[in-house]
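Participant: Prediction below, plus the sequence it came from.
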Amino acid sequence: MKLGIGGKITLSIGLSVLLISIIAGIFSYVNLTRVFQSQTYTHLESLSALKENSIKELLDELTTELELFNNSSAVRTYLTSFLIDGNINSKEVISTRSQDLLKYKRLFSYVFVMDKTGMVAFSTNIKDEGKIQADQPYFVNSKEKTFIQNFYYDLSLGMSSMVIATPIKGDGGEFLGVLAAGINLDSLNTLMAERSGLGLSGETFLVNSSNLVVTDLLKQPGEAMKETIYLPQIENCLQGKSDDFNLPDYHGDLVLGYYHWLPELNSCLVTKIDDNEAMAPAFNVISTLISILFAGAFVMGLVGFVGAEIIVSPIKRLHDSMVKIKEGNFDVKSDVSSNDEVGDMAESFNEMTEELKKSYSGLEEKVEEKTKSLEEKVDELEKLNKQMVGRELTMIELKKKLREKENGKN
Amino acid sequence: MKRNNWIVGILVAAFILLIGGVSWWYLEVRSSLTNQKTDLMPIQLRLKWLNQAQFAGNYVAVEKGFYREQGLSVTTVPFNYGDSPIDAVLAGKAQFGIAGADEIMIARTAGKPVKAIAVIYRTSPVVAFSLKNSGITRPQDFIGKRVGIERGQNVEYLYKAMMSKLKIDRSKIKEVTVGTDASELINGSVDVSTGYIINEPQLVVEAGKDVNIILMADYGVNMYADVLFTTDAMAQTKPEIVQEMTKATIDGWQYAIEHPSEAIDDTMKYVTTSSRTHQEYMFSTSAPLINTGTVKLGEMDISGWQQVQNILFDQKLISKKIDVRDAYTLQFLNTVYKQ
């Protein structure tokens, strides 16, 4: 296929603009995604820090409230007398005070007291009284100081639970038993469910040291305390680390996330958002940019095409004139009159045509002259020839007469 | 010359295609072979009781192919009175079994070489239960009442252990022998009955009466219930098979806990005499006893086994104490969770 100058110009301009667009596109993609990624990470990290602080504040508040309750003179006297003497009136007072504690800010959902053997001596859930919790972590670990038991499945509640427990000490500092309270998980769940501008796919959840998801998952509701997650990010987190990650999550989609180890809860706090959603603004910018660049390439190609037409069309017309001259028509004159190289070329062409025409017509005259003189010469030669032939004939006649005369004499 | 080049080119291309084709075919055939596992190791797993949701994790591992993935072809065999899982495994009729931690401890103390490799029920499902309107909600309420006991099982000695732990005088209680169908409580011949949370209380509910459930584990007599076990010899000579069995069983249970309704579907392929509703109830009451949220599925520790031994010893079911670490091994579980 023959590619004219116009095509070549159009193609070279179009292609170079396209190439520049692609390079610019790649660069902007790389840079923009990096910028958006680091912005998202910053957002996730700050959100994670926010949640961690809220969790810590909540746990601090719970600890403070339970310890205050335990050490308040209004409760302490009765607790010790109840645990030492089994005083029933003291139990009544503890019961009333406990109900007040439950109402206060709704921090706790139940309160119970274990004696030093681990038996539940009092509980706001009366059914629990008499149960032996000696091997429960919240009893074993709270003999010296306040202990928070991470999420576990409470059989009598039939749901996940957290318990905070603090030792009850006698006047001489001797261990009498444990005051414990079930934490109202609503506050914690609400805290985890708040997405704080994390978009539609953003979420935070907690995974305990057994890889068990302990709060609800956005994409798999009802899986709390059931689903385990064994992913690299969780494994790293459970080793006490905190870091950003850009990996598939429990639902298999690529996410941008931040995992953070929470020693207070012996759990991993995961804050994450779908990669697609986080990167959507970057992709918008990039796709706009790419469309602009492509449109630019098209427009540049078009401009190249028109420009090439302007240059090429006089050349074409000149070419047409040349073809006519080749056919012998010397009266052709190129009408190209642009004030540029092509115009100069057309002017020279016209002059050349003129000269050609002149030299061509002079040649004809000369030929005519030559022909005329040739004809004259031919005439002369013919005359001469006639004379010569006549002389010859006369000579033959004379010779004949001479011979006849000689014969007569004889 | 040019013609020769063409021929060489075609030959080289043909050769490459041939090699590629052959290796593709080889890989394809090989992977289909490994998928089909024509060389699956036949394994028999003896169950502690009749087919029911108590073993849902094992059924899931069979039906969802977790055992097959590990190269095992597992057949589950429900309980029969001919031989117990421990006897069958010791006799080499089966390679693995599900038995009570107490049975394992008793057998081990008697010198039988059984080895627990994972605990399924971390919390004992043994309960006492009464009718809702009776007001009997705690063991302390049993005094002066007729209590039905399932004799000769762990229900009986756990009940005794609980009462002694709570220092309740059993002479003030009228203890009677009951069966496993809760009919005595339903017809009113006892005030309290005993059994497994996963079964008997639901029978009462199905008979149209609400129940109070008293989980004995809440009263200081919690102990491991179902455990997956094998023999010492198996664990020592074929550790890879034990490893595969442990992994697939844990995977089966994890899947079952995450997908209860699929687990019931798989269970119903084995259950012949009971309703889906009953199995659903059984599974929903079992799951929290298996998945307690504090440790990983299957995990056990020395204090748990000591608790088993102490209760058995106190109830005179064993007469001496052995090193409990002989009764179980964490070798296989640890490898599962390292993967």
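Facilitator: Done, it's in. Residues are numbered from 1 along each chain as shown, chains lettered A, B, ... in the order given.
Participant: Report the contact partners of residue 103.
Facilitator: Chain wasn't specified; assuming chain A. By Cβ atoms under 8 Å, 6 or more residues apart in numbering or on different chains, residue A:103 lies in contact with nothing. C-beta: built from backbone N, CA, C; applies to glycine.
Participant: switch to chain B, that's the one I care about
Facilitator: By Cβ under 8 Å, 6+ apart, the contact list for residue B:103 reads B:84, B:86.
Participant: Ok, the one 5 residues further on next?
Facilitator: For residue B:108, the contacting residues are B:114, B:322, B:326-327, taking Cβ under 8 Å, 6+ apart as the criterion.
Participant: Work out for me the element it sits within.
Facilitator: Residue B:108 is located in helix B:101-109, with elements delineated by DSSP states H and E.
Participant: and after that helix, which helix or strand comes next?
Facilitator: Heading C-terminal from helix B:101-109, the first helix or strand you meet, by DSSP H and E, is strand B:114-119.
Participant: hmm, that next one touching chain A?
Facilitator: No. No part of strand B:114-119 sits close enough to chain A to count as contact by Cβ under 8 Å from any Cβ of the partner chain; the gap is at least 13.9 Å.
Participant: quick one, that strand and helix B:101-109 angle?
Facilitator: Here strand B:114-119 runs at an angle of 150 degrees relative to helix B:101-109 (axes from the mean of the first three to the mean of the last three Cα atoms, to 10 degrees).
Participant: Just the residues contacting strand B:114-119, thanks.
Facilitator: The list of residues contacting strand B:114-119 from outside it, by Cβ under 8 Å, 6+ apart, reads B:86, B:89-90, B:99, B:101, B:104, B:107-108, B:224-232, B:234-235, B:242, B:245-246, B:249-250, B:297-300, B:304, B:327-329, B:332-333.
Participant: Name the next helix or strand downstream of it, please.
Facilitator: Scanning the chain past strand B:114-119 towards its C-terminal end, the next helix or strand to appear is strand B:126-131 (assignment: DSSP H and E).
Participant: Can you tell me the centre-most residue of chain A?
Facilitator: The residue lying closest to the centre of chain A (Cα atoms, centre = their mean) is residue A:283, at 4.3 Å.
Participant: Output the contacting helices and strands for the strand or helix carrying it.
Facilitator: Counting by DSSP H and E, the element that carries residue A:283 is helix A:275-326. Contact partners of helix A:275-326 among helices and strands, from 3 or more Cβ pairs under 8 Å, 6 or more residues apart in numbering or on different chains; DSSP states H and E: helix A:5-71, strand A:254-262, helix A:341-409.
Participant: tell me the mean pLDDT over the helix holding residue B:108?
Facilitator: Here helix B:101-109 scores 94 as its mean pLDDT.
Participant: From the contacts of residue B:108, list just the buried residues.
Facilitator: With neighbours counted using 16 or more other Cβ atoms under 10 Å in any protein chain shown, the contacts of residue B:108 contain these buried positions: B:114, B:327.
Participant: Can you list the low-confidence ranges for the chain?
Facilitator: Defaulting to chain A. Under the criterion of pLDDT under 70, the regions of chain A flagged as low confidence span A:1-2, A:195-196, A:409-410.
Participant: my bad, chain B
Facilitator: Residues of chain B that meet the criterion pLDDT under 70 lie in B:1-16, B:18, B:20-22, B:25-38, B:339.
Participant: Let me see the ranges of the helices in it.
Facilitator: Under the criterion DSSP state H, chain B carries helices at the ranges B:2-36, B:56-63, B:66-69, B:85-90, B:101-109, B:154-165, B:183-186, B:200-206, B:232-237, B:239-258, B:260-268, B:276-290, B:302-314, B:331-338.
Participant: do the last one and chain A meet at all?
Facilitator: No. Counting by Cβ under 8 Å from any Cβ, chain A is not contacted by helix B:331-338; separation bottoms out at 8.6 Å.
Participant: Can I get the helix holding residue B:108 as CSV, trimmed to CA atoms?
Facilitator: The C-alpha atoms that make up helix B:101-109 are tabulated as CSV, following Å, rounded to 0.1, in the frame of the first residue of the first chain:
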residue,chain,number,x,y,z
ALA,B,101,-11.2,-38.7,77.2
ASP,B,102,-12.2,-40.6,80.3
GLU,B,103,-12.3,-43.9,78.4
ILE,B,104,-8.8,-43.1,77.0
MET,B,105,-7.5,-42.3,80.5
ILE,B,106,-9.0,-45.5,82.0
ALA,B,107,-7.6,-47.6,79.1
ARG,B,108,-4.2,-45.9,79.4
THR,B,109,-4.1,-46.4,83.2
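Participant: That one vs helix B:302-314, what angle?
Facilitator: 80 degrees.
Participant: so who does the nearest residue to residue A:315 once chain neighbours are set aside touch?
Facilitator: Excluding the flanking residues, the one nearest residue A:315 by Cβ to Cβ, 6 or more residues apart in numbering or on different chains is residue A:342, at 6.0 Å. Contacts were defined as Cβ under 8 Å, 6+ apart; by that measure residue A:342 touches A:311, A:314-315, A:318, A:336.
Participant: need those residues in CSV with distance to residue A:271 and neighbour count, can you?
Facilitator: What follows is the contacts of residue A:342, written out as CSV (distance: Cβ to Cβ, whole Å; neighbours: other Cβ atoms under 10 Å in any protein chain shown):
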residue, distance to residue A:271, neighbour count
A:311, 62, 16
A:314, 69, 20
A:315, 68, 16
A:318, 74, 18
A:336, 73, 21
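Participant: And those, which is closest to chain B?
Facilitator: Of all these, chain B sits closest to residue A:315, with 41.9 Å by Cβ to the nearest Cβ.
Participant: re earlier: mind checking how far the residue nearest to residue A:315 is from residue A:114?
Facilitator: 106 Å (Cβ to Cβ, to the nearest Å).
Participant: Kindly report the same for residue B:77.
Facilitator: Distance, residue B:77 to residue A:114, using Cβ to Cβ: 44 Å.
Participant: Between those two, which has more neighbouring residues?
Facilitator: residue A:114 (27 against 15; other Cβ atoms under 10 Å in any protein chain shown).
Participant: Spatially nearest residue to the residue in the stretch 101-250 of chain A that chain B sits nearest to (excluding sequence neighbours)?
Facilitator: Distances from the stretch 101-250 of chain A to chain B, computed as Cβ to the nearest Cβ, single out residue A:132 as the nearest residue at 3.1 Å. In this structure, residue A:132 finds its nearest non-sequential neighbour in residue B:220, 3.1 Å apart by Cβ to Cβ, 6+ apart.
Participant: and the one you found, what does it touch?
Facilitator: Contacts here follow Cβ under 8 Å, 6+ apart; on that basis residue B:220 touches A:118-119, A:132, A:134-135, B:162, B:165-166.
Participant: cool, residue B:241 as well?
Facilitator: Residues in contact with residue B:241 (Cβ under 8 Å, 6+ apart) are B:41, B:43, B:72, B:95, B:234.
Participant: change it to 10 Å
Facilitator: By Cβ atoms under 10 Å, 6 or more residues apart in numbering or on different chains, the contact list for residue B:241 reads B:41, B:43, B:70-72, B:95-96, B:230, B:234-235.
Participant: Give the next helix or strand downstream of the lengthiest strand in chain A.
Facilitator: Using DSSP state E to assign secondary structure, the strand with the most residues in chain A is strand A:159-169. Counting by DSSP H and E, the next helix or strand C-terminal to strand A:159-169 is strand A:175-183.
Participant: and the helix or strand just after that next one, C-alpha only, in CSV?
Facilitator: Later in the chain than strand A:175-183, the nearest helix or strand by DSSP H and E is helix A:185-193. Listed next in CSV are the C-alpha coordinates belonging to helix A:185-193 (Å, rounded to 0.1, in the frame of the first residue of the first chain):
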residue,chain,number,x,y,z
LEU,A,185,-20.3,-5.9,74.4
ASP,A,186,-22.7,-3.6,72.6
SER,A,187,-20.4,-0.6,73.3
LEU,A,188,-17.4,-2.5,71.8
ASN,A,189,-19.4,-3.8,68.9
THR,A,190,-20.7,-0.3,68.1
LEU,A,191,-17.1,0.9,68.4
MET,A,192,-15.9,-1.7,65.9
ALA,A,193,-18.8,-1.2,63.6
